[in-house]
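Peer 1: Sequence and predicted structure, then a few things I'm wondering about:
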Amino acid sequence: MDATIEALGDSPTLWALAARRAELTPDAPVLLDTDGRRLTFGQLCHRAERVAAGLYDLGVRPGSRFAWQLPTRIETVLLTFALARLGAVQTPLIPFYRDREVGYALREAEAEFFAIPGEWRGYDYAAMADRLAPRLSRPPLLLTAYDRLPDGDPAVLPEPPADGTSVRWIYWTSGTTSDPKGVLHTDRSLIAAGGCLAHALRLTPDDVGSMAFPYAHVAGPDYTVMLLLYGFPALLLEHFALPASLDAYREHGVTVAGGSTVFYSMFLAEQRKDPTTKLIPSLRLLAGGGAPMPPELYYEVTREMGCQLTHGYGMTEVPMITMGAPDDTPDHLATTEGCPPAAMEIRITDSDGKPLPAGTDGEVRLRGEAVCQGYLHAAQTAEVFDADGFLITGDLGRLTPDGYLVLTGRLKDIIIRKGENISAQEIEDLLYEHPAVADAAVVGLPDPVRGERVCAVVEQPAGAPPITLADLTGYLREHGLSAHKLPEQLEVVDALPRNDVLRKVLKFKLRERFGGTGPS
C-alpha cells in the first residue's frame, strides 16, 4: 500500500490513485452487484473517462459544482470517478433526503448540475427537482443517471487535476434540529482516511468487501480508497435488507461486512435464527463505526457468529479517526474505539482547551490529514477549530495509557441532573445487557426541580415480558450504577427513531416526544 501512494507524490488525487491501480491490476474485479455485473479496475478507469467526456460535452468543467443524489450502484461509482477525472466539485446527497435537505444543499453549494435516479423505490426525484427549481436563483441542469451515463470521446478532456489539496467534495452533516453544514473535503483528506482504515483492518487482495450503506455517505470514498490501495473488490447493495441480502453475501464470498452498530445487531439477529450454521460462511470480519457500540455486543458477535468485530470512530468532518484492529485484545475491541493512526493527533482537553493527561475524561479534539478543510461558511469554520488548528468534535472521551480512545458521550448528550453530569452512554451500555431490552436510548428531559431528569426509552425483544421502571432501576442498581444516575422515567416504544444512513438514533425526536410527559 505505501508504495502505491508514494508513487503518486505528496498530494495524490483520487483519479491518480485509480489510474495507478488500473496499471497494477487491470483485470482484477473492483465492483460487484446483486445483478451479477462485474467491473474491473481497468474497466473502471476506461469507462469513467468516457463518462467524463460525455459530461464535458454537457458543459461540466474543472471546478464545476456537481450535485448527485443516487443509490449505491456501479453507475454511481463511475460518475464519481468521471467527476474526479474532470476535477469537478462534487456534492453527494443521501438518496433519502427530501425537499428541505436537498433544496438547502443545492442552494448553499450553488450546484450547476444535479444527477438523480429518476424514480427510485417509489419516489419521483424529477418531480422533487421540479418543485425545487422555482426556489433556486439558478436551478441546476438536471441529469437522470440511474442506469445510463453520458458518453463521449476522451480526446476532448483536459489534463487530469494535478494535486489533491483543492476542495473537491462538499458533504453534508445530518442536520437533525437545524440546517445541515456543508463539510469541505479534498482528495487528500479522503485518501488519508481510507488509507488509515485499510491499514487498521489488515485487508488483503484476497478479501471481498461490501457496501450496504449509501455511497453518498462520506464512507463511500473512504471505502473505495481501500479497494484501490489493496486491489480487492466490494459488493454493492442498492438496497440492504435482511434476510433478503444474505444470498448475495454468500454468492460473492464476502469476507468483510458491517456498516455501524445496528448492522452488527441485524446480522446477529439473523445468526440466532439458526445458531448451528454460520450465517455467511466466508465472513471473517464485521467492521464499522458511526454510533456507540455496547461492549457486550462485541462478545455476542464474536462468540455466536464466529468472526472478528472491529469498531471505529469517524464523522463527516473526519471520516476515519480511530479503528480497532483485528489483532487487538478483546478488551480493547469491546471497550474502546481503537487507536489513531500516526497521521491523526487526538487531544483531550478541558472546556477551555487545556490538554488533559491520559486517563482523564474531557473534550475530544483532532488534527491530521484526514480532517476536513472546514465548512462552506467561514463563520462555522472559525467556531469549530481552536487556536492550535484542532477540530473541536463535541465528543467526550479519554485516551488510555496505551493510546486507545474511549468515548464517553457527547457534550449535548450529557444530562445535568441537580448540577451533576450524567453520561447517557454509560446507562445505555448497561441497559443493552438487560434480557428484556433489545435496544435503548437515554435522554435528559426538562424538569422544574432537577433541571433535567433521566429518561430511558427502550425497545423490547419479541416475547419479552413488559418491563417496568422498578425493574429497570433495580437491575441498574445491581450492576453498580450510582443512585443519582438512575432513570426517573421509562418509555417503551416499538422502534427507536433512526436516520436513514447509518441508523443512528435521533434523540431530538425522543426529547420532543417525551419532554412534556413527566415521570412514569
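Peer 2: Arrived safely.

Peer 1: Show me where the stretch 1-150 of the chain has its helices.
Peer 2: Along the stretch 1-150 of the chain, counting by DSSP state H, counting those that start in this stretch, helices occupy 2-6, 14-24, 41-57, 74-86, 99-109, 125-132.

Peer 1: Tell me what Leu32 is bridged to.
Peer 2: Counting by DSSP bridges, Leu32 is bridged to Arg38, Leu235.

Peer 1: Offset the numbering so it begins at 4, please.
Peer 2: I'll keep to 4 as the first residue from here, and by that count the last item is Leu35.

Peer 1: can I get the CA coordinates of the helix or strand containing Gly397 in PDB?
Peer 2: Using DSSP states H and E, Gly397 maps to strand 394-402. Presented in PDB, the C-alpha positions along strand 394-402 are these (Å, rounded to 0.1, in the frame of the first residue of the first chain):
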ATOM      1  CA  LEU A 394     -11.100  20.400  15.200                       C
ATOM      2  CA  ILE A 395     -13.500  20.500  18.200                       C
ATOM      3  CA  THR A 396     -15.700  17.500  17.800                       C
ATOM      4  CA  GLY A 397     -18.200  17.900  20.600                       C
ATOM      5  CA  ASP A 398     -17.500  14.400  21.700                       C
ATOM      6  CA  LEU A 399     -16.300  13.400  25.200                       C
ATOM      7  CA  GLY A 400     -13.700  10.700  25.900                       C
ATOM      8  CA  ARG A 401     -10.300   9.800  27.200                       C
ATOM      9  CA  LEU A 402      -7.100   8.200  26.000                       C
END
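
Peer 1: Contacts for it next, please.
Peer 2: Applying Cβ atoms under 8 Å, 6 or more residues apart in numbering, the external contacts of strand 394-402 come out as 318, 320-321, 340, 349, 351, 359, 361-370, 374-375, 387-389, 408-415, 417, 426. No exception for glycine: its C-beta is placed from N, CA and C like everyone else's.

Peer 1: again, only this time at 7 Å
Peer 2: Outside strand 394-402, the residues within contact range by Cβ atoms under 7 Å, 6 or more residues apart in numbering are 318, 320-321, 349, 351, 361-370, 374, 387-389, 408-415.

Peer 1: Check stretch 490-502 too.
Peer 2: So stretch 490-502 is in contact with 177, 442, 444-445, 448, 456-463, 470, 472, 475-476, 507-509, 512-513, 517, 522-523, going by Cβ under 7 Å, 6+ apart.

Peer 1: Could you identify which of the helices of the stretch 4-153 of the chain has the lowest mean pLDDT?
Peer 2: When the helices of the stretch 4-153 of the chain are compared on mean pLDDT, helix 5-9 scores lowest, with a mean of 51.

Peer 1: picking up where we left off before, quick one, which of the contacts of strand 394-402 are buried?
Peer 2: Buried residues within the contacts of strand 394-402, defined by neighbour count using 16 or more other Cβ atoms under 10 Å: 318, 320-321, 349, 351, 364-370, 374, 387-388, 408, 410-413.

Peer 1: Cross those against helices and list the overlap.
Peer 2: When DSSP state H is applied, the buried ones among the contacts of strand 394-402 are split such that Val387 fall in helices.

Peer 1: returning to what we had before: mean confidence for the strand holding Gly397?
Peer 2: For strand 394-402, the mean confidence score works out to 94.

Peer 1: List the buried residues of it.
Peer 2: Within strand 394-402, the residues scored as buried using 16+ other Cβ under 10 Å are 394-396, 398-402.

Peer 1: Could you do stretch 245-255 as well?
Peer 2: Using 16+ other Cβ under 10 Å, the residues of stretch 245-255 that count as buried are 248, 251-252, 255.

Peer 1: Make JSON lines out of the residues you listed and add pLDDT.
Peer 2: As requested, the buried residues of stretch 245-255 are exported to JSON lines (pLDDT from 0 to 100):
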{"residue": "Ser248", "pLDDT": "97"}
{"residue": "Ala251", "pLDDT": "98"}
{"residue": "Tyr252", "pLDDT": "98"}
{"residue": "His255", "pLDDT": "98"}
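
Peer 1: which residues touch Ala55?
Peer 2: Counting by Cβ under 7 Å, 6+ apart, Ala55 has contacts 85, 88-89, 160.

Peer 1: Strands along the stretch 354-503 of the chain, start to end?
Peer 2: Assigned by DSSP state E, counting those that start in this stretch, the strands in the stretch 354-503 of the chain fall at 365-371, 377-378, 394-402, 408-413, 417-420, 423-426, 442-450, 454-462, 492-495.

Peer 1: Tell me, how many residues neighbour Asp334?
Peer 2: By the other Cβ atoms under 10 Å criterion, the neighbourhood of Asp334 contains 11 residues.

Peer 1: repeat for the one 5 residues further on
Peer 2: Neighbours of Thr339 under the rule other Cβ under 10 Å: 26.

Peer 1: which one is it nearest to, not counting chain neighbours?
Peer 2: Distance criterion Cβ to Cβ, 6 or more residues apart in numbering; nearest residue to Thr339, sequence neighbours excluded, is Tyr407 at 4.1 Å.

Peer 1: Thr338 is in contact with the one you found, correct?
Peer 2: No - here Tyr407 lies out of contact with Thr338, judged by Cβ atoms under 7 Å, at a distance of 8.5 Å.

Peer 1: re the thing from before, just say which of the helices of the stretch 4-153 of the chain is most tucked in.
Peer 2: helix 77-89 (a mean of 24; mean count of other Cβ atoms under 10 Å).

Peer 1: Next, the angle from it to helix 17-27.
Peer 2: With axes from the mean of the first three to the mean of the last three Cα atoms, to 10 degrees applied, the angle from helix 77-89 to helix 17-27 works out at 110 degrees.

Peer 1: For helix 77-89, enumerate the helices and strands it packs against.
Peer 2: In terms of contact count using 3 or more Cβ pairs under 7 Å, 6 or more residues apart in numbering; DSSP states H and E, helix 77-89 is assigned the packing partners helix 17-27, strand 32-36, helix 44-60.

Peer 1: go with 8 Å
Peer 2: helix 17-27, strand 32-36, helix 44-60, strand 68-71, strand 92-95, helix 222-233 (3 or more Cβ pairs under 8 Å, 6 or more residues apart in numbering; DSSP states H and E).

Peer 1: what number of residues lie near the closest residue to Val105 other than its chain neighbours?
Peer 2: In space, not counting the residues next to it along the chain, Val105 is nearest to Leu96; the distance is 5.9 Å by Cβ to Cβ, 6+ apart. For Leu96, the tally of surrounding residues (other Cβ under 10 Å) stands at 24.

Peer 1: Go ahead and confirm Leu96 touches Thr79.
Peer 2: No - if you go by Cβ atoms under 8 Å, Leu96 and Thr79 don't touch, sitting 11.5 Å apart.

Peer 1: Please identify every residue contacting each of these two.
Peer 2: In the contact map built from Cβ under 8 Å, 6+ apart, the residues linked to both Leu96 and Thr79 are 71, 219.

Peer 1: Using PDB, list the CA coordinates for stretch 347-366.
Peer 2: These are the backbone C-alpha positions of stretch 347-366, laid out as PDB (Å, rounded to 0.1, in the frame of the first residue of the first chain):
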ATOM      1  CA  MET A 347      -4.000  11.600  13.400                       C
ATOM      2  CA  GLU A 348      -3.500  13.700  16.600                       C
ATOM      3  CA  ILE A 349      -6.000  13.300  19.400                       C
ATOM      4  CA  ARG A 350      -6.000  15.900  22.100                       C
ATOM      5  CA  ILE A 351      -8.300  15.500  25.200                       C
ATOM      6  CA  THR A 352      -8.900  18.900  26.800                       C
ATOM      7  CA  ASP A 353     -10.900  20.700  29.400                       C
ATOM      8  CA  SER A 354     -13.700  23.100  28.400                       C
ATOM      9  CA  ASP A 355     -11.100  25.900  27.900                       C
ATOM     10  CA  GLY A 356      -9.000  23.800  25.500                       C
ATOM     11  CA  LYS A 357      -6.200  22.900  28.000                       C
ATOM     12  CA  PRO A 358      -4.700  19.500  27.300                       C
ATOM     13  CA  LEU A 359      -5.500  16.800  29.900                       C
ATOM     14  CA  PRO A 360      -3.400  13.700  30.800                       C
ATOM     15  CA  ALA A 361      -4.100  10.200  29.700                       C
ATOM     16  CA  GLY A 362      -6.900   8.500  31.600                       C
ATOM     17  CA  THR A 363      -8.700  11.800  32.200                       C
ATOM     18  CA  ASP A 364     -12.100  12.500  30.600                       C
ATOM     19  CA  GLY A 365     -12.500  15.600  28.500                       C
ATOM     20  CA  GLU A 366     -13.400  17.000  25.100                       C
END
